[in-house]
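**Student:** requesting a structural model of the entry that follows:
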Amino acid sequence: MLPNSLMLVLVVLKDELRATQVEARSVTTQLKGEVTFNGRLRTAIRDISNSWEVEPMDESREEARGDALVDQLCYLGATLRDRLRDALYVGVKRAMAVGCSGFSYDMEVVSHGFVTDISKTDAENEERLHALFDDAEVPGERLAKLFEPEVLPPKTSSVAGEDGEG
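**Tutor:** I've put the predicted structure just below:
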């Protein structure tokens, strides 16, 4: 028979072992969730990169780093920003060309933006500007739709969206 102090130590150790096992299971469950999330995030990044025809980063050398996905998202964000900026410039240039194809006006004047009436107040000019925006809404949508295939990537289905949106 073991002495009482040794029995007490064994009981305490057994309790600590059980608590450690419960904690290990919890950590294992959390880790599995993180691995699943990591895989879904990689798939989403890959899908977005493919749909925008962005060359993906070389993951083989980044795999060991914990922030590789953050690096990929930053790279993807910067690349898409550059492409959207380019699309904006193309769209504005095309819209000006469309206007010139049917009307005669000085493109240099138009390139400076909205023309305000100096005899009117800022509020009146702002009101006129909003009215111009309202008037341009439907025809602007129609003109933008003509350039969509040149600017936007094709729609793809992605597993990243819960509601079917990519």
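
**Student:** so where is the chain shaky, pLDDT-wise?
**Tutor:** 1, 58-66, 156-166 (pLDDT under 70).

**Student:** spatially central residue in it, please.
**Tutor:** Central residue of the chain (CA atoms, centre = their mean): Gly77, 6.5 Å from the mean position.

**Student:** and that one, how far is that from Gly99?
**Tutor:** 33 Å (CB to CB, to the nearest Å). For the C-beta atoms, the positions are set from N, CA and C on the backbone; glycine is no exception.

**Student:** likewise Glu23?
**Tutor:** Glu23 sits 69 Å away from Gly99, going by CB to CB.

**Student:** contact partners of stretch 91-107?
**Tutor:** Residues from elsewhere that reach stretch 91-107 (CB atoms under 8 Å, 6 or more residues apart in numbering): Val110, Ser111, Leu143, Ala144, Phe147, Val151.

**Student:** switch to 7 Å and redo it
**Tutor:** Val110, Leu143, Phe147, Val151 (CB atoms under 7 Å, 6 or more residues apart in numbering).

**Student:** how far does that stretch sit from its chain's centre?
**Tutor:** Stretch 91-107 has its C-alpha centroid displaced from the chain centroid by 32 Å (CA atoms, centre = their mean, to the nearest Å).

**Student:** give the buried residues for that stretch.
**Tutor:** Arg94, Ala95 (16 or more other CB atoms under 10 Å).

**Student:** tell me, how many residues neighbour Thr20?
**Tutor:** 10 (other CB atoms under 10 Å).

**Student:** element containing Pro56, please.
**Tutor:** Assigned by DSSP states H and E, Pro56 belongs to neither a helix nor a strand.

**Student:** give me phi/psi at it?
**Tutor:** Here is the backbone geometry of Pro56 (degrees, to the nearest 10): phi -70, psi 160.

**Student:** thought it was touching Ser49?
**Tutor:** Yes. Counting by CB atoms under 7 Å, Pro56 touches Ser49, with 4.8 Å between them.

**Student:** those two: who's more crowded?
**Tutor:** Relative neighbour count places Ser49 above the other of Pro56 and Ser49, with 18 against 14, counting by other CB under 10 Å.

**Student:** which one's the longest helix in this structure?
**Tutor:** When the chain is scanned for its longest helix (criterion: DSSP state H), the result is helix 4-51.

**Student:** which strands or helices does that one pack on?
**Tutor:** Counting contacts by 3 or more CB pairs under 7 Å, 6 or more residues apart in numbering; DSSP states H and E, helix 4-51 packs against helix 68-102.
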